[in-house]
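Colleague: need a structure here:
(2 chains)
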Amino acid sequence: MNVLEIQDLNVTFATEGGPLHALRNVSFDVPEHRIVGVVGESGCGKSTLINAILGLLADNGQVDSGRILFGDHDLTRLGPLEMQSLRGLRISTVFQDPMGALNPVISVGRQMLHIQYRSDLGRSEKNARSVKMLRRVRIPDPESALDRYPHEFSGGMKQRIAIAMALMMEPALLIADEPTTALDATLEVATIELLQDLQAQIGCSVLFISHHLGVIAELCDDVVVMYAGEVVERGTTRELFHDPRHPYTERLLRCDPAGQSGRTRHLPTIPGEVPDLRVRPAGCIFAARCHRYEGICDTVPPEVGAGGHRARCHRVTP
Amino acid sequence: MILTVRDIEVTFRVGPLLNRRSILAVAGVSFDVAPGETFALVGESGSGKTTLANAINGLQDTSRGEVTFMGQRVDNSNPGEMKPLRRHMAMMFQDPVGSLSPRMKVGDLVAEPFRIHGIRINLQEETRRLLSLVGLSGDFADRYPHQLSGGQARRVGVARAIALDPKLIIADEPTAGLDVSVQGEVLNLLNDLRERLGLAMIIITHNLHVVHHVADRMAVMYLGRIVEAGETEGMFRAPAHPYTATLLSANPEPDPDKARNRISLPAEVPSLLARPSGCEFHTRCPWVQDRCAMDPPYTANGEMHRIACHYPLAPGARPPAKDRAL
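Modeller: Next comes the predicted model:
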């Protein structure tokens, strides 16, 4: 069973320089009880993807074609009110900056009470649930934490409170957008371990967006690699890190300083620039920067089949 | 030595008016930076890295200690005294777009240091030269900061930092939020400049993989103090302070099957308002012993490898079993 199925999704933004094709034929699944990582450079469409799923695209953006299946719904067809009833309850989010998710002038307990507005429980039962959730994210002394304000907690604790709030209603899908980027190595690892535990306890699926390859490798079951608005490769984490097939994935892994065995002063990079998405190349999106380029790459866009470990590349036999 | 920092302290006053308390954000830090050397400062957020950088470049007053740059005292100096020296000490701030004025074009931003120091020069030509040095074409001069990507904004920051041919660059999280490929480009650029211009660098970061590749020496900070400092390679091979060992073991690596011998830390980071007694790491240290809660460890200055710990670790040491359960 898949919690979320994205099928052939295309999203464009109207800009001064003409329509910008931000997502092109994006397809992948988020299966039940799995953590799926989305990795790619900034500007590759990760945030557009999240906003499309949540129905929060900016006014100049629109879904041109494709489907986003969540349970019985196609999210691209739901109205704002129907989306509102899913967000927070069935699909919830954690973002990079926990302060953006917490109201600085309302106590943590009150905010956690507010989130449960759809529940029929009484006030004291709701507070008891808040305490339980705070305990699960390992906030010391959770009863007194309810009376405190966000600024009284450290950065790592704030992010854990944001995670507790996101998982409060036991959603089917948690979307986590770079939740550990602002944290240091020790806190980052603690947050990853916490997410893993909670995911197992609650049984939800997680869509985890990050550009930190180490975090993806450690946390995720499956990985989707995006480049310039396209899914260029997808597979299980093991397949992707041990047997990268798309030249972009290959180079991306090689660029990570963590991957260098010896110490080097000159770090590898991917030469060239991401193409202008208003004038997409006719062929493969990565052709101009590819080290395995050949004639066909300029003219014919490579396609990617369904299922298993797949790469959108002419040079890879499917 | 181009920069000598001796036992500096930075104090902040916090709390409501009638109950003011002071906290030590930087609590007696000493280190040196040699010409052409890259020195890294690592530690959790809140460990005082950025405050220390600001104390060095004169943006933050110190309450004790000395900072000597190119033979002159620069701590607590007034802006007028600092100005002639400031052109030799450049700063790259954390937020690449936020550190550029949104109303100025890139060309003006790069030329700004020359204007401030009243240097008469062909600004247009110089701007072009600097932009090409950081790998940006001349037409970027007409763009505004919001039209730049994160990596391009970083490059503009680098162009501004190197404009006046400084002797020292202090880079605060120079690669935070950048993708691995762009991160590599920025670090390679800084390294090329270091080799070509012989400048010294202080890099503040929590990305340990970056530190491993670019830094000659590193210092690990905890609660405003340096707990271990030495050659980068040696410290990565055999961290001697328990906190360094924990940090290095926590570093996520891009290999799903790698065995992770992680050392987990139990409690939360203590508040600066209530510093622990003795060794300040003892509340979280997996190797803690009775003495640690009582005597603060002593570190001598000027040695190659400094460790503030009563019981430095042997290479490859694992925490005692009773604490691993936490």
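Colleague: any idea what A:Arg148 is structurally, helix, strand or coil?
Modeller: coil (DSSP: H, G, I helix; E, B strand; the rest coil).
Colleague: show me the contacts for it.
Modeller: A:Ser107, A:Val108 (C-beta atoms under 8 Å, 6 or more residues apart in numbering or on different chains). Where C-beta positions appear, they are placed from N, C-alpha and C, glycine not excepted.
Colleague: quick one: it from chain B, how far?
Modeller: 13 Å (C-beta to the nearest C-beta, to the nearest Å).
Colleague: phi, psi of that residue?
Modeller: Main-chain dihedrals, A:Arg148, degrees, to the nearest 10: phi -90, psi 170.
Colleague: Just confirm A:Ser47 contacts A:Glu178, I think it does.
Modeller: No: A:Ser47 is beyond contact range of A:Glu178, at 9.4 Å (criterion: C-beta atoms under 8 Å).
Colleague: Residue 30: neighbour count?
Modeller: No chain was given, so I picked chain A. For A:Val30, the count of nearby residues is 23 (other C-beta atoms under 10 Å in any protein chain shown).
Colleague: my question was about chain B
Modeller: 18.
Colleague: returning to that earlier point: what do A:Ser47 and A:Glu178 both touch?
Modeller: A:Ile209.
Colleague: Just want to know which of those two has more residues nearby.
Modeller: Between A:Ser47 and A:Glu178, counting by other C-beta under 10 Å, A:Glu178 is the more crowded of the two (20 against 14).
Colleague: Please, which helix or strand holds the closest residue to that one other than its chain neighbours?
Modeller: Once flanking residues are discounted, A:Glu178 sits nearest to A:Gln96: 4.2 Å by C-beta to C-beta, 6 or more residues apart in numbering or on different chains. Using DSSP states H and E, A:Gln96 sits within no helix or strand.
Colleague: What of the one 3 residues further on?
Modeller: Taking DSSP H and E as the definition, one finds A:Met99 inside helix A:98-101.
Colleague: Over to A:Leu81?
Modeller: helix A:80-86.
Colleague: hmm, back to that, so the residue nearest to A:Glu178 touches A:Thr181, yeah?
Modeller: Yes: if you go by C-beta under 8 Å, A:Gln96 and A:Thr181 touch, sitting 5.2 Å apart.
Colleague: Now do the same contact list for the residue of the stretch 201-326 of chain B found nearest chain A.
Modeller: In the stretch 201-326 of chain B, the residue that lies nearest chain A is B:Pro252 (3.2 Å; C-beta to the nearest C-beta). Contact analysis of B:Pro252 by C-beta under 8 Å, 6+ apart lists A:Ala185, A:Glu188, A:Val189, A:Ile192, A:His212, A:Gly214, A:Val215, A:Ala217, A:Glu218, A:Ala258.
Colleague: Within reach of chain B, which of these are there?
Modeller: Among the contacts of B:Pro252, the ones lying near chain B by C-beta under 8 Å from any C-beta of the partner chain are A:Ala185, A:Glu188, A:Val189, A:Ile192, A:His212, A:Gly214, A:Val215, A:Ala217, A:Glu218, A:Ala258.
Colleague: How about the residues of the stretch 51-200 of chain B by chain A?
Modeller: Counting by C-beta under 8 Å from any C-beta, the stretch 51-200 of chain B comes close to chain A at B:149-150, B:177-185, B:187-188, B:191.
Colleague: try 10 Å this time
Modeller: B:149-152, B:175-188, B:191-192, B:194-195 (C-beta under 10 Å from any C-beta of the partner chain).
Colleague: Show the residue spans covered by the helices in the stretch 101-250 of chain A.
Modeller: A:108-115, A:123-136, A:142-145, A:155-167, A:185-202, A:213-219, A:237-242, A:247-255 (DSSP state H, counting those that start in this stretch).
Colleague: Contact partners for residue 152?
Modeller: Picked chain A for this. A:Ser107, A:Val108, A:Ala145, A:Lys158 (C-beta atoms under 10 Å, 6 or more residues apart in numbering or on different chains).
Colleague: I was after chain B.
Modeller: B:Gln152 neighbours (C-beta under 10 Å, 6+ apart): A:Glu273, B:Pro96, B:Val97, B:Val106, B:Val134, B:Gly135, B:Leu136, B:Phe140, B:Arg143, B:Pro145, B:Val182.
Colleague: Which helix or which strand is home to it?
Modeller: Here B:Gln152 is assigned to helix B:150-162, by DSSP H and E.
Colleague: Separate out the buried members of the residues of the stretch 51-200 of chain B next to chain A.
Modeller: B:149-152, B:175-188, B:191, B:194 (16 or more other C-beta atoms under 10 Å in any protein chain shown).
Colleague: So out of everything in chain A, what residue is nearest chain B?
Modeller: For chain A, C-beta to the nearest C-beta, closest residue to chain B: A:Gly214, 3.2 Å.
Colleague: Give me the pLDDT value at that residue.
Modeller: Note for A:Gly214: predicted pLDDT of 89.
Colleague: Could you do the one 10 residues further on as well?
Modeller: What the model reports for A:Val224 is a pLDDT of 96.
Colleague: any idea how far it lies from A:Gly259?
Modeller: 20 Å (C-beta to C-beta, to the nearest Å).
Colleague: who has more neighbours, the two?
Modeller: The neighbour count for A:Val224 versus A:Gly259, taken as other C-beta under 10 Å, is higher for A:Val224 (26 against 18).
Colleague: Could you double-check that the more buried one sits in contact with A:Val38?
Modeller: Yes: counting by C-beta atoms under 10 Å, A:Val224 does reach A:Val38; the two are 4.9 Å apart.
Colleague: intersection of neighbour lists for those two?
Modeller: Common neighbours of A:Val224 and A:Val38 (C-beta under 10 Å, 6+ apart) are A:Val26, A:Phe28, A:Val30, A:Lys46, A:Leu49, A:Leu207, A:Ile209, A:Val231, A:Arg234.
Colleague: top helix in chain B by residue count?
Modeller: helix B:180-197 (DSSP state H).
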